[in-house]
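**Q** sequence? don't have it. structure:
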C-alpha cells in the first residue's frame, strides 16, 4: 500500500520519554508512526547539555527512577546505546557530624545508623519490610494499567486487593488502613527517633511534590512512589546523562520506522463528528491518522489542541482544575575538582546524596515555600555524575547536579533579586558538608521553576503534568472520564505523565496507551 | 470632645456588629470589650446613625422577595392566600380557583411570572456556548424566535429545562424555573461569553386563554394576531417598549410580556382594564400549576430533580425519560452529554414521565400509583381539572406500568366531616397532554369581538 507522506497509522504528539516510548511500541507493531516535537531537541526534561564548555550534565532530571526492565528489553534500548553508569545507586543522607547514613540494609550501613540510635537501626529493617509489604498490596493497583470501570471488573479487582492485604496478615492491613490517609511525617515519627533519617526518608518521599512532610495523604503518595521505583529497583545513573536515555529511545523508535519531526509545533488536533482524523501544525501542515496519542499535558491536549466545544462541560471543568505546583529548582555546577565531603568514602561520591537534616528543617522549608520565600536550609538531592561517568567532563574535573526542593514558582520581591540569594543559600547549605565547594566552582547554571516551565514546557515548572496528589492519582488521573488513556474523542489517547500511573520517568503511560491503541486498532 | 474620640473612649474593638467578611478568616480570640455605658448612652442620643447597620446586601442574602408587581397583584386578592415561588412571595389564589380557571379557559387569565429565572447571554461565543449547553439544534433559531431547550451534564442527566429566546445575533435570553448560574459558568470555560442573571431587572407577566389575543389587540398591541407561535416581537404601547412572545404553558393560545420593572404595573393595570370586557381575571400560582398539568408540562424541582440536586444519581433522569426526546438532536454538533445520551438511547428507559387521569369527580390527594404487584410509580404533581372533571397527575412510572394490560389505581383518603373513607380509584395513562388546543398554533390568532 502506498502512503502519502502526510498519512500515518498513528501520530504521537510530544517526544518526551513517554511520547518516544509510545511511538516506539506502535512502530514495533508495524504501524506507520509520526512523532512530533515542538522543541528543537527531543527528550523533554531528559536531556544532557553543557553547563560550561566541555562540562556536560543532565540539564533537568538527573536519575532514572522507575523505568521497568520490560520496556528496556521490548525496545532493545541496550542495543540502541543505553548504558548504565551505575545501576541501583545508593542513597546517602548527609550528616553534619560526618556519620552519613546509607539508606539501605547491610551490616556496615546499620553500624553507622547504630551510632545515631540503636533503636533506629533495628526499626530500619522493619520499616523497609513494612514499606515493601504495603507496596506489595498497593503496587499492582498503583502501577498496572487501570482496569476498566465496569462494576464487575472493578469489584473483582478490589476483592483481589483485599485478599492480597489479608494474606499479609491482619496487622499489615490494619496499619495500612491507619497510615494511608496520614502524612509521611507522622509515619516516620512513629517509627524513628533520629532526625536525620526521618528528614532524609521524608525528602525521598516528597521530591518534586508541592506538599509538606505533614500534609495528609503523603504516606500514600510515598508508597506509590516506592512501588513505582521498585519495578526497576532504581534509581539508576545513565552514561552521558539522561540525554543518553533519550538518544537510545529515539534510536529505537527510528529503527522501527517512526518518523520523528522536531521543531514541529502542533496547533490543533482535528476532530470530525467525535472522531479524530489528524493534526494541524503551526505552519498549517495537515497530517492525517486514525489514531492520535498526545503526551502533552492533558489540559493542553484537550482544551488547547482539541477545544472545549468538542468536550462535555463537566470534563472541561475537571481538566481546568488539575493543579501543577512547581516546587524545585535545578542547579548545575562545573567544578575544577572533587569537593571534599568529610566522612564520605571515595566510592560513595557517585551516590545519590540527600541533604535534609530533619523533619523540622523540611517543614520549615515547606512553610517558607508556601509563603513565597526561600528557606535558610534548602532540602536537596545531589549527584556528581562525573564520578561514575568520567567522559562527561575534562579529566580531573567534575560536575554537580543539584535538585533543590521547595523553591516556589514566584517569590516575594521577584526572582530578579532572589536568584543570587537562592544560589548563595544552596552553596552555603552544602558548604556545611563540603567546605571547599565554593572554591571549586568554575561555572554554573540555575533553572528556577519558571525556567523549567519555559525550557521543558512543564506548567508552573511542576514535574508531573498534574501533581501526584491523592486526589489526582489512579482513576482521578487526569480526570475520571480520561483515566484509561482513551478520551471522549474517538481515536485520541493520552500517553503522557498526566495519565495513570503518572510521572517519575517510568514510561508506563506511554507503554499502556500504545498497547491500548494496538488492541483497539486490532478490534476496529 | 469630637465624636470620633468619644467613640474610641467607649469601645475598643470588637465591633458591635460582626463583619460578615470576617467569617472566613481565622476567628480571633474575643478581646474583652471595655464598655463605658454612660458614654455610649450619650453618643446614641447624640447620633443614632452611628449605630445603624449600613452594609449593602451581600448577593443572595435576601431570601424573601417580592416582585415588581407585588402591590398590584395584592390589591386583586380576595383570599390572602400566598405561596413561595423561587423565593418570591406570589399569590396562590386571588379570587377563587374556579373563577380563575373559568377565565383561563373561556376568556384570559393574567398572571405575574416575574419569579422565573432569566439569564441574558451575550458575547462573540454566545451561540457556540448555547450549542454546547443544550441538547437541541439551534441552527435554525433566528432573531425573535423561541425554542424550548433542555440541558444535561456529562452523564446525560437533565440539569434543567427552559425557554431560549434569540434577541439578537449574539444576544439570547434563557428563562428557566431554577437557578443554574454555577453550571453555566462552569460550561463557559474556554468560551468568550457573558452570562448575567437578569431576573431582578426584568419583570414578566403572562396572558393565557382563548381571548388573550383580542385583549392585547384592544390594549394597543396592533398586529399581535400575526405573531406566530414561539416567536416574539417588540411593541411600543403608550410610549413604553415591551417584548411580547407567543408562548406559555396552558396548552392554549397565550402570550408572555417581558418588560422593564418600572413599566410593569402600567401594563398590568392596562390589561386588566382593557380586558374587563373580555372576562380577563388575574390568576395565581395554583392556576398556573393546574394549567401546566393539563398541558403535560413537567416543572423542574417538582416533577424531576436536576442532576446536581439529586443526591442519588439514580433519581436524575435523561431527556428521553422525561419526554423531552423531541428536544434532543444526537446528530448535530457536540453538546454536553451527547455521548452519554447516544448510549442511553440504545437502552430501555428506567422511568417514564406520563400524564395520568384518575376518574374521581372531586379533588384527591395521592402520591403512589399502584398496579397489581405494588407501587409502580409516583405522582409528582397532581391537580383537579375543572374542564374535564377528573383528577390529573404527572407521574414518574416504571416502564412496566405503561405496558399493555397494566391496571393502575391510586388510593386516597376522603374525609367528610368526621367520617373517613379510604377509596381506590382507577387511573389511566393518557396518550398525550389532557389539554392541547389547536388555537395555540393558529395564525392569525382569533380576534373575537367583545362580549
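**A** Okay, I see it. Not measured: the values here are computed from a predicted model. Numbers count the residues shown, from 1 in each chain, chains lettered A, B, ... in the order given.
**Q** and the residue of the stretch 301-450 of chain A nearest chain B?
**A** Closest contact between the stretch 301-450 of chain A and chain B, by Cβ to the nearest Cβ, is at residue A:308 (3.1 Å). C-beta: built from backbone N, CA, C; applies to glycine.
**Q** model confidence score at the closest residue to that residue other than its chain neighbours, please.
**A** Nearest residue to residue A:308 in three dimensions, chain neighbours excluded: residue B:190, at 3.1 Å (Cβ to Cβ, 6 or more residues apart in numbering or on different chains). pLDDT recorded at residue B:190 is 90.
**Q** contacting residues around residue B:190?
**A** Residue B:190 makes contact with A:303, A:307, A:308, A:309, A:316, according to Cβ atoms under 8 Å, 6 or more residues apart in numbering or on different chains.
**Q** then residue A:330?
**A** A:59, A:60, A:401, A:402, A:403, A:404, A:446, A:447, A:452.
**Q** not counting its neighbours along the chain, what's nearest the last one?
**A** I take that to be residue A:452. Leaving aside its sequence neighbours, residue A:452 sits nearest to residue A:461 (Cβ to Cβ, 6+ apart; 3.9 Å).
**Q** so how far is the first residue of stretch A:207-214 from its last?
**A** End-to-end distance for stretch A:207-214: 14 Å, by Cα to Cα, to the nearest Å.
**Q** now do that stretch: distance to the chain's middle.
**A** Taking Cα atoms, centre = their mean, to the nearest Å, one finds stretch A:207-214 lying 14 Å from the centre of the chain it belongs to.
**Q** now swap in stretch B:368-388 and tell me
**A** With Cα atoms, centre = their mean as the basis, the mean position of stretch B:368-388 lies at 23 Å from the chain mean.
**Q** secondary structure element holding residue B:232?
**A** For residue B:232, the host element (DSSP states H and E) is strand B:232-237.
**Q** what pairs with that strand, parallel or antiparallel?
**A** Its sheet considered, strand B:232-237 pairs with strand B:240-245 (antiparallel) by DSSP bridges.
**Q** now do the buried residues in the partner strand.
**A** Using 16 or more other Cβ atoms under 10 Å in any protein chain shown as the test for burial, strand B:240-245 gives B:242, B:243, B:244, B:245.
**Q** go on, stretch A:331-348?
**A** Going by neighbour count (16+ other Cβ under 10 Å), the buried part of stretch A:331-348 is A:331, A:332, A:333, A:334, A:335, A:338, A:339, A:341, A:344.
**Q** can you check stretch B:414-428 too?
**A** By neighbour count with 16+ other Cβ under 10 Å, stretch B:414-428 contains the buried residues B:425, B:427.
**Q** what do you get for stretch A:89-106?
**A** By neighbour count on 16+ other Cβ under 10 Å, the buried set for stretch A:89-106 is A:89, A:90, A:91, A:92, A:93, A:94, A:95, A:99, A:100, A:101, A:102, A:103.
**Q** hmm, back to that, kindly reformat the contacts of residue B:190 as TSV containing neighbour count and pLDDT.
**A** TSV is the format used below for those (neighbours: other Cβ atoms under 10 Å in any protein chain shown; pLDDT from 0 to 100):
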residue	neighbour count	pLDDT
A:303	18	94
A:307	16	93
A:308	25	91
A:309	17	89
A:316	27	95
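**Q** which element is the residue nearest to residue A:308 on?
**A** Residue B:190 is part of no helix or strand when elements are defined by DSSP H and E.
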